[in-house]
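J.: just a sequence and a predicted model for now, questions to come.
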Amino acid sequence: MRFGSSTQALLLAVCGLFFATFSYAQAPKDEAKGVPVCANCHEDKHTSIVMTAHGARNDAQGSMCQACHGDATDHLKDPAQFKPANRIKYGTASEKSAICLNCHQTNRHLAFWESGKHALNDVACTSCHDIHPKDRGTFIAPFQTTFRPNESQICGQCHKDIRSQTLKPSHHPIVEGKIKCSDCHNPHGAVSPVMLRNATVNDQCTSCHADKRGPYVFQHPPVEENCITCHNPHGSSHYKLLREHTPNLCQDCHDVARHPGTPYGGGAGFVLPDGTPNPAGVNTRFIARACVNCHSNIHGSNAPGAKGQFFLR
């Protein structure tokens, strides 16, 4: 039986499709789907990274698995007798970080890793980052739903004193997840104080609080020097993150100059130094009053004359 050229071409195409389907069915399951051979035993580890950048770069040989855990050639031959080096799990802090830096060293945020406080104190990448995270489900922060762990909780595992400050009544919205620790600090290393993202504390603060940047005609010297002279950026028991409540905060510097002189000390307060009530009466300057009631432009003023010089309304 003879067939036309078009029929012969159709038959060849059908035969080619049949053999291709047959060869695919006979191919090893791992090679067909690109599933790494490591998943035969460590399926949960493979599943945990399959939707991440690490999993996307993996292949049937488990090249990404071996990049972190070490050569598995002998391990595949006899899993019970030969184990990979697995320095990412059992190595020193510097060895663990070195494995991560093999791929991530070009990241600009890691430019000063070696000089950063974390590296100098033997904190490895795996101390904060979990390559094989367990399924946490939907994580619910105090006032916000997010699919990622609250960064302050990770940092707070070591920085417990800072964690306690973020829970005080006046605080940046850190525990709410609206501001992250890494918005101000670079945990991967920096040459600035406390690994700030900006060169100075004031530059860091004014990156958000631009209205306090100035320049002003009349500058308040402690403001110009350092914002944390008066504020605690992580949290405070006093309003507006102040280190003390006004007027006590102001009197740390303004204690004997002009008014009020010394109205808040000794016998001019609620009680005398020996604890007895003050016969002269209670000093009403403590009640519903503060320096900023009049000196409201406390960060600086552009008003002319004495009004600006003394930061008055």
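T.: Ah, there it is.
J.: for residue 172, which non-adjacent residue is closest in space?
T.: residue 179 (5.1 Å; CB to CB, 6 or more residues apart in numbering). In short, each C-beta sits where N, CA and C put it, glycine included.
J.: find the nearest non-adjacent residue to residue 111, please.
T.: Using CB to CB, 6+ apart, the closest residue to residue 111 is residue 189 (7.4 Å).
J.: ok, residues contacting the helix or strand hosting residue 164?
T.: In the assignment (DSSP states H and E), residue 164 maps to helix 160-166. For helix 160-166, contacts defined as CB atoms under 8 Å, 6 or more residues apart in numbering pick out 152, 155-156, 171-172, 174-175, 232, 234-236.
J.: show the average pLDDT along that helix.
T.: Averaged across helix 160-166, pLDDT comes to 94.
J.: for stretch 189-204, same thing?
T.: Across stretch 189-204, the average pLDDT comes to 93.
J.: got the end-to-end distance for that stretch?
T.: One end of stretch 189-204 sits 16 Å from the other (CA to CA, to the nearest Å).
J.: just the buried positions in it, please.
T.: Using 16 or more other CB atoms under 10 Å as the test for burial, stretch 189-204 gives 189-190, 192, 195-196, 198, 201-202, 204.
J.: got it, and stretch 57-74?
T.: In stretch 57-74, counting by 16+ other CB under 10 Å, buried: 58, 60-62, 64-70, 72.
J.: before we move on, what about stretch 220-236?
T.: Using 16+ other CB under 10 Å as the test for burial, stretch 220-236 gives 220, 223, 227, 229-236.
J.: the stretch 201-313 of the chain: helices as residue ranges?
T.: For the stretch 201-313 of the chain, the helices defined by DSSP state H, counting those that start in this stretch cover 201-206, 221-225, 248-251, 305-309.
J.: worst mean pLDDT among those helices?
T.: Looking over the helices of the stretch 201-313 of the chain, mean pLDDT reaches its minimum on helix 248-251, with a mean of 84.
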